[in-house]
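> just a sequence and a predicted model for now, questions to come.
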Amino acid sequence: MKEKIIVALGGNAITGAHERGDIHQQFANTRRSMIGVIEILKQDYEMVITHGNGPQVGNALIRIEESRHVVPTLPLGIVVADLEGGMGYMIQQCLENKLYDMKVRKDVVTILTQVLVKKDDPAIKNPTKFVGPFYNKEDVETLRKHRGWIMREDKGRGYRRVVASPKPIGIVEKNTIKHLVEMGIVVIAAGGGGIPVYVDDNGWLEGVDGVIDKDLASAVLGNEIGAKKLIILTAIDRVAINFNEPNQQFLDKLNVKEAERLMAQGQFPAGSMGPKVQAAINFIKGGGEEVIITSIDNAEKALTGNTGTCITL
């Protein structure tokens, strides 16, 4: 049986930080991001692709706010589900086209993924997850007052809206995803972190008004299907401590204890690198062997140890 790998695409894979994010830009970015995915596929892994949706869910929420006087509003869980389908379609089609050009016969499928959380997770009452576009400081008070948004600074990048982000504890469709991957099918799953749900007293699944961090969900998914590698593709080549400070230092390798120590020191903020490093810790403690954090453009180099930050036990 081939080795399983989880490839977690950052939000910049589909919408750039300073782009308007129209559908033409999203497709163009997705096509470019598939180059790195193809290079990983060439290494003969069984692959699951996950992806973020921060910019897209923020835009979707703006559309809902602006049209609430015309049509009924939608909860975040439904918005995430809609984006899982739409963004999965983009990734799936772009990957299928790349495989066609290479004359490679390989099926690709998108799975709407429900991710289990606890109903009483304290994160539901303490929003921390950044969504949507960046705003200037002078816009913050207006957005808080007129839209009721909770706004926080995304260190060094501007101000963004934050929403509830409960901790993922399981994947409802894990058996289906595992089965498809072991059949050699590339699976796109847990898009945007997946749809948050909890199990009620009757054993039914119920939705939660929030979003889940896609890296934390990717770690849970990887553990549940027996993946040994998780590669997190983001906007930077390597993880850094003292980020954006004169004494900034890039890290090539970390073990779990070192990563936990740096997390405790506050080196990795919750709104940026924190969830990625925490996901790496969780994945390895849950049975994974290696996590690589690097840029989309350097995916292949990182797998061979030529760039990126590698986190192991």
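Yep, it's here. Numbering: from 1, shown residues only.

> so where's the stretch 1-150 of the chain uncertain?
Residue ranges of the stretch 1-150 of the chain with pLDDT under 70: 17.

> that one: strands as residue ranges?
With DSSP state E, counting those that start in this stretch applied, the stretch 1-150 of the chain shows strands at 4-9, 46-51, 108-110, 114-116, 129-135, listed in chain order.

> do the stretch 151-300 of the chain as well
Secondary structure of the stretch 151-300 of the chain (DSSP E, counting those that start in this stretch): strands at 151-154, 158-163, 170-171, 186-188, 195-199, 205-207, 229-234, 239-241, 249-251, 253-255, 290-295.

> how about the contacts made by the residue positioned nearest the centre of the chain?
The centroid of the chain falls nearest to Lys214 when counting by CA atoms, centre = their mean (3.0 Å). With contacts defined as CB atoms under 8 Å, 6 or more residues apart in numbering, Lys214 is in contact with Ala8, Thr50, His51, Gly52, Asn53, Ala190, Gly191, Gly192, Gly193, Gly194. Heads up, the C-betas are built off the backbone N, CA and C, glycines and all.

> do you know how far the second one is from Thr176?
From Thr50 over to Thr176 the distance is 15 Å, taken as CB to CB, to the nearest Å.

> Gly86 now?
To Thr176, Gly86 is 21 Å away according to CB to CB.

> likewise for Val71?
Using CB to CB, Val71 is found at 33 Å from Thr176.

> show me which of those two is the more surrounded one.
It is Thr176, of Val71 and Thr176, that has more neighbours when counted by other CB atoms under 10 Å, with 15 against 8.

> not counting its neighbours along the chain, what's nearest the more buried one?
Ile111 (6.6 Å; CB to CB, 6 or more residues apart in numbering).

> that older thread, make a markdown table from the strands of the stretch 1-150 of the chain and add distance to Val291 and mean neighbour count to it.
Converted to a markdown table, these look like this (distance: least, CB to CB, whole Å; neighbours: other CB atoms under 10 Å):
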| stretch | distance to Val291 | mean neighbour count |
| --- | --- | --- |
| strand 4-9 | 9 | 26 |
| strand 46-51 | 13 | 27 |
| strand 108-110 | 24 | 18 |
| strand 114-116 | 19 | 23 |
| strand 129-135 | 21 | 21 |
